[in-house]
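>>> what's the 3D shape of this:
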Amino acid sequence: MTSLYLFLNLSSLSIPFIFSFHPKLRFYKNWKSLFTGILISMLVFIPWDIIFTNHGIWGFNSDYFLGLRLFNLPIEEWLFFVCIPYACVFTHYALIHYFPNRRLSKSTTKALGTVLSIIFAVIAVFNYDKWYTVINFTVALMVLILVMIKNLELLRTYYLSFVIMLIPFFIVNGLLTGSFIKNEVVWYNNSENLNMRLFTIPVEDTVYAFTLILLTLFVMNFNRIKSS
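Residues are numbered from 1 along each chain as shown. This next block holds a predicted model:
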């Protein structure tokens, strides 16, 4: 099963990529701004990933990847930061296209952002000695506040999109963390996180995904507005 991680990446990307050329969606026209967003997100998340891997905060099971590494990260891990954001951003745009009125009110969006910001801050402060937890929730807090200030309109649709994204998230990330397979693809040092799991998935991973996709969308939208 050395190709499992690669298979999960490519299978996550395949349908969104094919439907990017659908005449009603024409998502391929967003590629320039999308890949700018992906690149900026990688500049944040890849160094974080390298540091955490080198310090044993998480790691990768060699039984499930091809064995090629770059800066100690499997090539499949690099692909993760392209394939998963692509699939999630496509999902967000498809939902907006087919359900254009699907959005929260501004007041609800602000209230939800405030509540999440407080939760992220409290968890980070009270778990300052757990590296995955404190970095994860601190970055989430910073990105959320940035988007609330600069592009509240994005959050009006993103919150709802993210709830839908959680369905494939639990499937893909569940497999990566050991659901339905003998051993996990990605292992975690539980002394550096809250040691709370959603099935096999560390609770931090949901916030990690929330931040990764939100940052990608924010940069993507900023780039499109700047170019228009």
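>>> could you look up the SS state of Gly59?
Using DSSP: H, G, I helix; E, B strand; the rest coil, the secondary structure recorded for Gly59 is strand.
>>> ok, it touching Thr53?
Yes: counting by CB atoms under 8 Å, Thr53 is a contact partner of Gly59 at 5.9 Å. For every residue, glycine as well, the C-beta is placed using N, CA and C.
>>> which residues in the chain form strands?
Applying DSSP state E to the chain gives strands spanning 58-60, 69-70, 73-74, 186-188, 197-198, 201-202.
>>> most packed of these?
Burial of the strands of the chain is given as mean neighbour count (mean count of other CB atoms under 10 Å); strand 201-202 ranks first at a mean of 24.
>>> quick one: mean pLDDT for it?
For strand 201-202, mean pLDDT rounds to 97.
>>> which residues are in contact with the nearest residue to Thr157 once chain neighbours are set aside?
Closest residue to Thr157 apart from its sequence neighbours, by CB to CB, 6 or more residues apart in numbering: Arg103 at 5.0 Å. Residues near Arg103 by CB atoms under 8 Å, 6 or more residues apart in numbering: 156-157, 160.
>>> still on that earlier bit, make TSV out of the strands of the chain and add distance to Lys150.
Converted to TSV, the strands of the chain look like this (distance: least, CB to CB, whole Å):
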stretch	distance to Lys150
strand 58-60	31
strand 69-70	33
strand 73-74	30
strand 186-188	32
strand 197-198	30
strand 201-202	29
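>>> mind checking which of the ones you listed is nearest Lys32?
Closest approach to Lys32 among the strands of the chain (CB to CB): strand 69-70, 24.8 Å.
>>> pretty sure Phe180 contacts Gly174?
Yes: in this structure, Phe180 is within contact of Gly174 by CB under 8 Å, at 7.1 Å.
>>> how close does Ile46 sit to Val134?
19 Å (CB to CB, to the nearest Å).
>>> with Thr108 instead?
From Thr108 across to Val134, the span is 29 Å (CB to CB).
>>> quick one, which of the two is more surrounded?
When neighbours are counted by other CB atoms under 10 Å, Thr108 and Val134 differ, and Val134 comes out ahead with 18 against 13.
>>> can you pull the contacts of the more buried one?
Contact partners of Val134, counting by CB under 8 Å, 6+ apart, are 124, 127-128.
>>> residues contacting the residue nearest to Asn183 when sequence neighbours are not counted?
Using CB to CB, 6+ apart and skipping residues adjacent in sequence, the residue nearest Asn183 is Asn61, 5.6 Å away. Residues touching Asn61, when contacts are defined by CB under 8 Å, 6+ apart, comprise 183-187.
>>> of those, just say which sits nearest to Phe199.
Closest approach to Phe199 among those (CB to CB): Glu184, at 11.8 Å.
>>> I appreciate the help and will end here.
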